[in-house]
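>>> what's the 3D shape of this:
(chains A and B)
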Amino acid sequence: MDSPASTVVDALGKACPIPVIELARAMERVAVGEDVVVLADDPGAKVDIPVWCRMKRQELVGVEANESGWRFIVRRVS
Amino acid sequence: MAERVYLDHASAAPWHPAALAAFEQSARALPGDPSRRHAAGRAARDLLESARAAIAAELGGAPERLAFTSGGTEAIFLAVCGAMAANRTRSQRVVSCAVEHSTVLAAAEASGAQHEVVGVDPLGRVDLDAVEKALGAGAALLNVQHANHEVGALQPLGEIARLCRRHDVLLHVDACQTVGRLPIRLDQIDADFISASGAKFGGGRGIGALAWSPRARFRPLFSGDEREHRRRSGLENLPGAAAMAEALLQLAPARPGGPAAAEAARCDALRRRLRRQIADSIADVEIHGPEDGSAPHIVALSALYVDGETLVGELDRMGFEVHSGSSCATTSGEPSHVLVAMGALTHGHVRASLGPEVLERHIDEFAAALSEAVSRLRARLGPRLDL
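Residues are numbered from 1 along each chain as shown, chains lettered A, B, ... in the order given. Next comes the predicted model:
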């Protein structure tokens, strides 16, 4: 469901706040309208990535659970 | 060494001076077993029963319906596992609010009953519609705390009790964070169990109590004698009971304008001051729990991009003792179930909890230290995150 050009952040095996920090860094580098995909398995990330999107007014396009954790798609909207 | 500021009263409060005096006095002067008929036993019995009567009066119950326990944990297990074990007429289901203390959730699981957990809003307050639905599906017991231990949110106990009455469900209120601080009475809220801990309000360690309503039925967790109306076996902790009772008598939380009411008002002003200072001085922070309708002594926040355990360590180094429920700070490595249930930021969490010796200048110093520590930890991440 993400665009093929999206940036991928592999935060598997990393505990919060690291996945959120890596998402924030990646989002600085993409243009408005582009997506960042975050792969994470820390249970804190399940909550904290959506909260980051709310706090930073960015769009959480989707969350998928898979066998290794979650795949979050975040769109830069501002 | 610079003055240290203890901001962890919600974990363990320092002894109330009168409680400590009562503890020492009874430990020295009353060595007897309250169940024996000799003079030493009768003297111990007299003090035990006066302590029981004092605490029962404060909790809006009756002395014959109050048992002393080893603390809040045992009181909670006695209520939850005891009530489910005695239940013959109701559904074998127990319902708990999602932000209950882990002890309550563990007791509900340990009871062997089917356990349903109902959600909360982003400020930590229970979803009343979800409670009504869960009770309507059949339940024997509902567990709802008076105030949340991590974020301070007070639950609407009056409305919850009405739902329990309508559906013929027993209500257990874990009041470990509020007994000694705020009025909490079985008769006023029409609850069935109140569990209390001495350690959280200066009533001493290793002592707690369970008070129950005339409706409540429960079994003891273990039986070996006839003590505590056959509800709780083992030689009574008389110094502990005397201390807990003395602290409650001194604080008199149910008395309008009494010492506890004055202290609650003082703490509440400090709580609001600290929330305001955090909001004004720290960027990218979530301040948890409601501004109004909170326990007076709890302030909790999560700072984005910061590890809670590291933040606690920094603050400790700077002389401030606080708690973190962030996953890295817990032994399980799981994020705080309270913050997860609220949908709140789980990392970078710290809780400051206030007590009588915490003054306005301590709050101002803590706010400055917190802002400095958060800035320092964020600076370690490299270039400022600007988005």
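
>>> what ranges do the strands span in chain A?
A:7-11, A:35-40, A:59-66, A:69-75 (DSSP state E).

>>> residue closest to the middle of chain A?
A:Val38 (3.8 Å; C-alpha atoms, centre = their mean).

>>> list the residues that contact that one.
Counting by C-beta atoms under 8 Å, 6 or more residues apart in numbering or on different chains, A:Val38 makes contact with A:8-9, A:11, A:19, A:22-23, A:26, A:45, A:49, A:71-72, A:74. Bear in mind the C-beta positions are built from the backbone N, C-alpha and C, glycine included.

>>> again, 10 Å this time
Contact analysis of A:Val38 by C-beta atoms under 10 Å, 6 or more residues apart in numbering or on different chains lists A:7-12, A:19-20, A:22-23, A:26-27, A:45, A:49, A:52, A:63, A:69-74.

>>> is it possible to mark the buried ones in these?
A:7, A:9, A:11, A:19-20, A:22-23, A:26-27, A:45, A:49, A:52, A:69-74 (16 or more other C-beta atoms under 10 Å in any protein chain shown).

>>> near chain B, from those residues?
A:19-20, A:23, A:26-27, A:45, A:52 (C-beta under 10 Å from any C-beta of the partner chain).

>>> what residues does chain A have near chain B?
So far as C-beta under 10 Å from any C-beta goes, chain A lies against chain B at A:15-21, A:23-28, A:42-48, A:50-52, A:54-58, A:76, A:78.

>>> so which of those are in helices?
Counting by DSSP state H, the part of the residues of chain A next to chain B found in helices is A:18-21, A:23-28, A:43-48, A:50-52, A:54-55.

>>> around chain A, pick out the residues from chain B.
Checking chain B against chain A by C-beta under 10 Å from any C-beta, the hits are B:122, B:284-286, B:302-308, B:310, B:326-328, B:333-336, B:339-349, B:377-378, B:381-383, B:385-387.

>>> buried among those? Make that a PyMOL selection.
Restricted to buried positions by 16+ other C-beta under 10 Å, the PyMOL selection for the residues of chain B next to chain A reads:
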select buried, chain B and resi 284+285+286+302+303+304+305+306+307+308+310+326+327+328+335+336+339+340+341+342+344+345+346+347+348+349+377+378+385
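
>>> follow-up on the earlier one: buried subset of the residues of chain A next to chain B?
A:15-21, A:23-27, A:42-48, A:50-52, A:55-56, A:58, A:76.

>>> who touches the residue of chain A positioned farthest from its centre in this structure?
When distances to the mean C-alpha position of chain A are computed (C-alpha atoms, centre = their mean), the maximum falls on A:Glu67, with 17.3 Å. Counting by C-beta under 10 Å, 6+ apart, A:Glu67 makes contact with A:Asp41.

>>> ok, which stretches of chain B are helices?
With DSSP H as the criterion, chain B has helices spanning B:17-29, B:39-58, B:72-86, B:102-110, B:128-136, B:157-166, B:186-189, B:227-230, B:238-251, B:259-281, B:308-317, B:337-342, B:360-379.
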